[in-house]
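Asker: got a structure for you, letters missing:
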């Protein structure tokens, strides 16, 4: 494959900052200002908060609300460990043999607000086990799903969470699947589907991938490095 004749040919296929040009030894003013704006948007996205009532209306299913042990957004950002634990005294209904579904703000609530309801609408009818009530978690890290699912006695947990914003995307949703969840599980024991957004993976493709992984996890009895993604790709 030959290299593109001009950088602008490559820029047609990516949001990455390539071929920005230069003025002497510096970037052009327009590129520099664009970078500053994108960086500011990413910083703002980290501080975004869920509109929980609107999210509940979009999910249109029974929803439970929980919070992590972090007192506020600032503590959540400074103490990741607190975002992995439920607030003291949190009570959840038991749902043994079900799949726990957790919708969490993570590091970018915008992506969750926009895309989580659409993924759930497509995913829930295809689950290999019954769905537990949806749990909306604020000030949450991925591992909070283990705490929630263990309290519910769930067979597996699916965590839909806002991904760390970047310079080209501040609305990205991630999806994490853990079989036999319990406190202390590591990221090596999960499967992740990333970059769910209009400019990345569609809600339909993400839901189909998640359903496949859950069926495979049920057959294997494990997720993470033990579960290989051998899902057949659709014809282009």
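Answerer: Structure received. Not measured: the values here are computed from a predicted model.
Asker: ok, the residue nearest to the spatial centre of the chain - contacts?
Answerer: The residue lying closest to the centre of the chain (C-alpha atoms, centre = their mean) is residue 174, at 2.1 Å. Counting by C-beta atoms under 8 Å, 6 or more residues apart in numbering, residue 174 touches 106, 142, 160-163, 192-196. Heads up, the C-betas are built off the backbone N, CA and C, glycines and all.
Asker: what are the ranges of the strands in this structure?
Answerer: 63-67, 99-104, 131-138, 156-162, 173-179, 190-196 (DSSP state E).
Asker: direction included, what does the fourth one pair up with?
Answerer: Put plainly, it is strand 156-162. Counting by DSSP bridges, the strands paired with strand 156-162 are strand 99-104 (parallel), strand 173-179 (antiparallel).
Asker: now those as a markdown table including distance to residue 213 and mean pLDDT?
Answerer: What follows is those, written out as a markdown table (distance: least, C-beta to C-beta, whole Å; pLDDT from 0 to 100):
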| stretch | distance to residue 213 | mean pLDDT |
| --- | --- | --- |
| strand 99-104 | 12 | 98 |
| strand 173-179 | 5 | 98 |
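Asker: winner for burial among those?
Answerer: Highest mean neighbour count of these: strand 99-104, a mean of 28 (counted as mean count of other C-beta atoms under 10 Å).
Asker: contact partners of that one?
Answerer: With C-beta under 8 Å, 6+ apart, strand 99-104 has contacts from 55, 59, 112, 116, 120, 124, 127-138, 140-142, 144-145, 148-149, 152, 154-162, 181, 214.
Asker: ok, and the most crowded of the contacts of residue 174?
Answerer: Ranked by the number of neighbours (other C-beta atoms under 10 Å), the contacts of residue 174 place residue 162 first, at 29 neighbours.
Asker: quickly note the distance from that residue to residue 26.
Answerer: Using C-beta to C-beta, to the nearest Å, residue 162 is found at 34 Å from residue 26.
Asker: can you say which of the strands of the chain is nearest to residue 48?
Answerer: Closest approach to residue 48 among the strands of the chain (C-beta to C-beta): strand 156-162, 7.8 Å.
Asker: just the angle between that closest one and strand 131-138, please?
Answerer: Using axes from the mean of the first three to the mean of the last three C-alpha atoms, to 10 degrees, the direction of strand 156-162 lies 30 degrees away from that of strand 131-138.
Asker: from the chain's centroid, how far away is strand 156-162?
Answerer: Centroid separation for strand 156-162 versus its chain: 7 Å, with C-alpha atoms, centre = their mean, to the nearest Å.
Asker: next one: stretch 26-39
Answerer: The answer for stretch 26-39 is 28 Å, by C-alpha atoms, centre = their mean.
Asker: ok, residues contacting it?
Answerer: If you take C-beta under 8 Å, 6+ apart as the criterion, stretch 26-39 is touched by 17, 20-23, 167-168.
Asker: and stretch 71-91, end to end?
Answerer: 18 Å (C-alpha to C-alpha, to the nearest Å).
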